[in-house]
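Peer 1: Model the structure of this input:
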Amino acid sequence: MAIQAPITPARAGERGRLRKPQPGPVTLAIRAMRQTEAASWQVRQDQEERRALAALRGRIAAQFAAAAALLEGVSA
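Peer 2: Prediction:
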């Protein structure tokens, strides 16, 4: 004898779906770890950009100093 349910799914063999699935503790932990990793990655990127900008500023300052020295030598 077949078991009859008062509500049948839309398609045979398909379970009803919750409106909003609730994440479990492992999913929440993974999300927290990913957010932390993303934040630390951003900090590292910012530090690398600052170092690169400082090096660029140093090279520009050296070029200006060389140009100024050249101009002083020409005008003297």
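Peer 1: Now do the helices in this protein.
Peer 2: Here the chain has its helices, by DSSP state H, at 25-75.
Peer 1: Residue nearest the middle of it, spatially speaking?
Peer 2: Geometric centre of the chain, nearest residue: Ala38, 4.7 Å, by C-alpha atoms, centre = their mean.
Peer 1: ok now do that one, which residues does it touch?
Peer 2: For Ala38, the contact set (C-beta atoms under 8 Å, 6 or more residues apart in numbering) is empty. For glycine as for every other residue, the C-beta is placed from the backbone atoms N, C-alpha and C.
Peer 1: Okay, now the unreliable bits of the protein?
Peer 2: When residues are selected by pLDDT under 70, those of the chain lie in 1-18, 76.
Peer 1: For Lys20, the count of nearby residues, please.
Peer 2: 5 (other C-beta atoms under 10 Å).
Peer 1: Kindly list the main-chain dihedrals of it?
Peer 2: In terms of degrees, to the nearest 10, the main-chain angles of Lys20 are phi -130, psi 110.
Peer 1: what about Ile30, how many neighbours?
Peer 2: 12.
Peer 1: any idea how far it is from Gln47?
Peer 2: Ile30 sits 26 Å away from Gln47 when distances are taken as C-beta to C-beta, to the nearest Å.
Peer 1: same deal with Pro23?
Peer 2: Taking C-beta to C-beta, one finds Pro23 at 33 Å from Gln47.
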